[in-house]
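*Asks:* I'll drop the sequence and a predicted model, then ask my questions.
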Protein chains: 2
Amino acid sequence: MVAKEKKHEAEEELEEVETTEADPTEAEEIDIPELSEVEALTEKFNEMEDKFLRARAEIANMSNRNKNEREQLVRYRSQDLGKKLLPAIDNLERALATEVTDDQGASLKKGVEMVLESLSVALKEEGITEIKAEGEAFDPNLHQAVQTVPVDDDHKADTIVTVLQKGYQLHDRVLRPAMVVVAQ
Amino acid sequence: MVAKEKKHEAEEELEEVETTEADPTEAEEIDIPELSEVEALTEKFNEMEDKFLRARAEIANMSNRNKNEREQLVRYRSQDLGKKLLPAIDNLERALATEVTDDQGASLKKGVEMVLESLSVALKEEGITEIKAEGEAFDPNLHQAVQTVPVDDDHKADTIVTVLQKGYQLHDRVLRPAMVVVAQ
């Protein structure tokens, strides 16, 4: 009985060794003496701590990056719709240049004026403003010169004489440069 | 001589013990047998691994959360400007209702029509559309009843008879409900 049990135990041990050998990592751990196990564990811990610290840094970076992205998205959210409204505003301004001769025409014009005013307020609230141009120094970032006239007493070189089409900017971004005539 | 040395050694030992006792942490470490150090290190490692795994999960969560936030910001970016444009559109539509009697008036009206058309296209491109109302079943999420008329052969109960002011929605969000007359 005892002999049989011993044999059985031996077989179990053999099986265990075989199983362990199938996993090289665990096999190593078993072979390493106690002090090396401490060293190995310390190394494993240091590696994990390093991974954790890098993950924590990544969290901080992501948080900052996302905050900036959100701010940019909010700041410039009206860029596309704002840009598309500019031709409508041009057309309304052109319509206002029409001479009217009767009360109906005058009433229509009054209505258009009110619309333009409300559009202008809406755009301003979203950060969209007209680019200063007439009389200003020509700035290729804000103005597009489509014509030049000779410099005279009233108009110094590189200043804007006339605005042919208004320009608009959203905060610091130009939605459309002003089309201008420049003295040269 | 030997007794003196012994005594000296004993004194040194005493001193060492005193020094060690001054630092309780080190005293503990010295007292713990080798196996406990492995256990302590394993526990430290497991805790650190747990912290790392939680940080990694947080990174995945943040990434998803920020993607959703960005998508929402982009999807509804035109909400504020779009809402502010609605009174301008109302006014242009009212202006178009004006009867004109001469060429100037007709030209002004033509200009306003073009502006309305371009505004409507711009809004549609941003996802802003008119809320269906006339003839539709009354839906308190989309329509605001400001008046009721008796049900008759042409108008079933709880259907919209007339639209007093157009409503608009940005994708699934109502910017402004339609103001309607409902049959009841």
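*Replies:* Good, I have the coordinates. Numbers count the residues shown, from 1 in each chain, chains lettered A, B, ... in the order given.
*Asks:* could you pull out the strands for chain A?
*Replies:* For chain A, applying DSSP state E gives strands covering A:128-130, A:143-149, A:160-165, A:168-170, A:173-176, A:178-183.
*Asks:* out of the ones you listed, the one nearest A:Phe52 is which?
*Replies:* Nearest to A:Phe52, of all the strands of chain A, is strand A:173-176, at 40.6 Å by CB to CB. For the C-beta atoms, the positions are set from N, CA and C on the backbone; glycine is no exception.
*Asks:* avg pLDDT for that closest one?
*Replies:* Mean pLDDT, strand A:173-176: 97.
*Asks:* can you check stretch A:67-83 too?
*Replies:* For stretch A:67-83, mean pLDDT is 95.
*Asks:* what's the answer for stretch A:105-121, then?
*Replies:* In this model, stretch A:105-121 has an average pLDDT of 88.
*Asks:* residue contacts, A:Arg56?
*Replies:* Counting by CB atoms under 8 Å, 6 or more residues apart in numbering or on different chains, A:Arg56 touches B:Ala55.
*Asks:* er, A:Ser107 I mean
*Replies:* A:Ser107 sits next to B:Thr98 when contact means CB under 8 Å, 6+ apart.
*Asks:* could you report the distance from it to A:Ile89?
*Replies:* 21 Å (CB to CB, to the nearest Å).
*Asks:* again with A:Val149
*Replies:* Distance, A:Val149 to A:Ile89, using CB to CB: 26 Å.
*Asks:* more neighbours: which of the two?
*Replies:* A:Ile89 (20 against 12; other CB atoms under 10 Å in any protein chain shown).
*Asks:* need the pLDDT of that one.
*Replies:* Looking at A:Ile89, its pLDDT reads 92.
*Asks:* for A:Thr20, same thing?
*Replies:* On the pLDDT scale, A:Thr20 is placed at 41.
*Asks:* if we can go back for a sec, can I get the strands of chain A in JSON lines including distance to chain B?
*Replies:* Converted to JSON lines, those look like this (distance: least, CB to the nearest CB, whole Å):
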{"stretch": "strand A:128-130", "distance to chain B": "9"}
{"stretch": "strand A:143-149", "distance to chain B": "22"}
{"stretch": "strand A:160-165", "distance to chain B": "16"}
{"stretch": "strand A:168-170", "distance to chain B": "11"}
{"stretch": "strand A:173-176", "distance to chain B": "13"}
{"stretch": "strand A:178-183", "distance to chain B": "19"}
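*Asks:* which of those strands sits most buried?
*Replies:* Stretch with highest mean neighbour count among these: strand A:178-183 (a mean of 21; mean count of other CB atoms under 10 Å in any protein chain shown).
*Asks:* tell me who's in contact with the residue nearest to A:Pro87 when sequence neighbours are not counted.
*Replies:* Spatial nearest neighbour of A:Pro87, chain neighbours left out: B:Ser118 (5.8 Å); criterion: CB to CB, 6 or more residues apart in numbering or on different chains. Neighbouring residues of B:Ser118 by CB under 8 Å, 6+ apart: A:Lys84, A:Pro87, A:Ala88, A:Asn91.
*Asks:* swap in A:Gln104?
*Replies:* Counted by CB under 8 Å, 6+ apart, A:Gln104 has contacts B:Thr98, B:Glu99, B:Val100, B:Thr101, B:Gly105.
*Asks:* check A:Thr98 too.
*Replies:* By CB under 8 Å, 6+ apart, the residues touching A:Thr98 are A:Gly105, A:Lys109, B:Gln104, B:Ser107, B:Leu108, B:Gly111.
*Asks:* just give me the neighbour total for the nearest residue to it once chain neighbours are set aside.
*Replies:* Spatial nearest neighbour of A:Thr98, excluding adjacent residues (CB to CB, 6+ apart): B:Leu108 at 4.9 Å. Here the number of neighbours of B:Leu108 (other CB under 10 Å) works out to 27.
*Asks:* what of A:Asp154?
*Replies:* Neighbours of A:Asp154 under the rule other CB under 10 Å: 9.
*Asks:* one more: A:Glu43?
*Replies:* By other CB under 10 Å, 10 other residues sit near A:Glu43.
*Asks:* from chain B, how far out is it?
*Replies:* 10 Å (CB to the nearest CB, to the nearest Å).
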